[in-house]
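*Asks:* Below is the sequence, then the predicted model.
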Amino acid sequence: MLLEGVHLPLTTPFYPDGRLNLRKMEHNVDRYSRTPVGALVALAEVGEVAMLSDAESRELLGAAMGAAAETKVMIAGVSRGSVRGTLELAEIAAGLRYDAVLVKRPEFLRGGQVREALTYFQAVADRSPVPVVLYSTAAAPLSVDAVAELALHPQVIGLADEDVARVGDLRARTAEVRREVTVTTVFAAATGRMLAVKDTGGAATFVSAESLGGGAGVATAPPKPAVKTRTKTVGFQIVAASSARMLGGLRAGAVGAMPGFAACAPQACYEVFAAWKDDDQALADEKQARLAPAIALVEEELGVPGLRYGCDLNGYFGGRPRLPLLPLSGDAREQVDAVMKGIRS
């Protein structure tokens, strides 16, 4: 599966009393589906996944998939402390037709427990019903050596890495990996949902009144044609999981970006990627620099509450975080208002 483009991490909407607000999740996913981002990531770090129960996680996966456009790659964060727990959630995601799962190292494993970490990822990849994307975070990093070894597993298709400074090294260490992926005729990702569409002809059909037992005849819309595809050879695919450094990651060899800031400004983040893709490097620098002050305040300083308020400003539902996180103070909201001015999406 192709991992190019902007991967948008979804926040988790809550009612004021802390209950899940699935309707607002559906609202957000529907709106995000109309943006040019390539993928949506449910149960991402910005979604406060550590505060969700297993039952809530399943509900969120279902709500997100139910509202997503079939043209978007759908990725589910399924990391749990055990192999068994991770695989159980991966199987649920597969049943909902997610295209891949995002898996990070259990945080209770210390940095020196390399063998245990490799065993965790290998066991998950061996039995996962869908492709696996590794996730290396500041709190649970994966070494270059570990990534290079795991990249050889046929079910491990890529890595989302917060440390974009090592993208070049990772590409060099995984250079021998070559895989064929299915893409559309314009080399966009072809998701499982897209390929499931059957071509049963292009003409509208007419159901006679007699077949309906009387009454008026009914004309039905023509079915969608099957998606035309081709194949593309790709290497081990790296996604820059950083908002402030996504352009640097792309220039170092990443094929996509997973900026947390995209939750509140998907169009603005996509414009950085699009300028880089078009090889308009001056424009890419300008677009990234324009976002820098907002990213520094909204995401890096204020964190999830800041991203939520940014969502509210741009027409997506942010709302209150779940306790013990607190919503922004009035002064902080004013600062975000100022820095987000002109960054609309």
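*Replies:* In hand now; what should we look at?

*Asks:* all helices for the stretch 51-200 of the chain, in order.
*Replies:* In the stretch 51-200 of the chain, the helices defined using DSSP state H, counting those that start in this stretch lie at 54-67, 83-95, 114-127, 144-150, 167-173, 192-195.

*Asks:* Just the residues contacting the shortest one, thanks.
*Replies:* For helix 192-195, contacts defined as CB atoms under 8 Å, 6 or more residues apart in numbering pick out 70-71, 74, 97, 99, 182, 184, 227, 229. For every residue, glycine as well, the C-beta is placed using N, CA and C.

*Asks:* Go through that helix and flag the buried ones.
*Replies:* Residues of helix 192-195 classed as buried by neighbour count (16 or more other CB atoms under 10 Å): 192-194.

*Asks:* Break down the stretch 151-300 of the chain into its strands, ranges please.
*Replies:* When assigned using DSSP state E, counting those that start in this stretch, the strands of the stretch 151-300 of the chain occupy the ranges 156-161, 179-184, 205-207, 218-220, 229-234, 237-240, 256-257.

*Asks:* if we can go back for a sec, just send the helices of the stretch 51-200 of the chain back as CSV, with distance to Pro36 too.
*Replies:* CSV is the format used below for the helices of the stretch 51-200 of the chain (distance: least, CB to CB, whole Å):
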stretch, distance to Pro36
helix 54-67, 17
helix 83-95, 24
helix 114-127, 31
helix 144-150, 29
helix 167-173, 23
helix 192-195, 16
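
*Asks:* a markdown table please, covering these and showing distance to Asp285 and mean pLDDT.
*Replies:* Formatted as a markdown table, the helices of the stretch 51-200 of the chain follow (distance: least, CB to CB, whole Å; pLDDT from 0 to 100):
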| stretch | distance to Asp285 | mean pLDDT |
| --- | --- | --- |
| helix 54-67 | 33 | 97 |
| helix 83-95 | 37 | 96 |
| helix 114-127 | 36 | 94 |
| helix 144-150 | 28 | 96 |
| helix 167-173 | 18 | 96 |
| helix 192-195 | 34 | 74 |
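
*Asks:* which stretches of this structure have low pLDDT?
*Replies:* Of all residues in the chain, those with pLDDT under 70 make up the ranges 111-112, 197-226.

*Asks:* do that again at 50, thanks
*Replies:* For the chain, the stretches flagged by pLDDT under 50 are 198-203.

*Asks:* tell me the SS of the residue most central in space within it?
*Replies:* Residue closest to the average C-alpha location in the chain (CA atoms, centre = their mean): Val41, at 2.7 Å. Three-state call for Val41 (DSSP: H, G, I helix; E, B strand; the rest coil): strand.

*Asks:* And the helices of the stretch 51-200 of the chain: which comes nearest Glu48?
*Replies:* With CB to CB as the measure, helix 54-67 is the member of these nearest Glu48 (10.3 Å).
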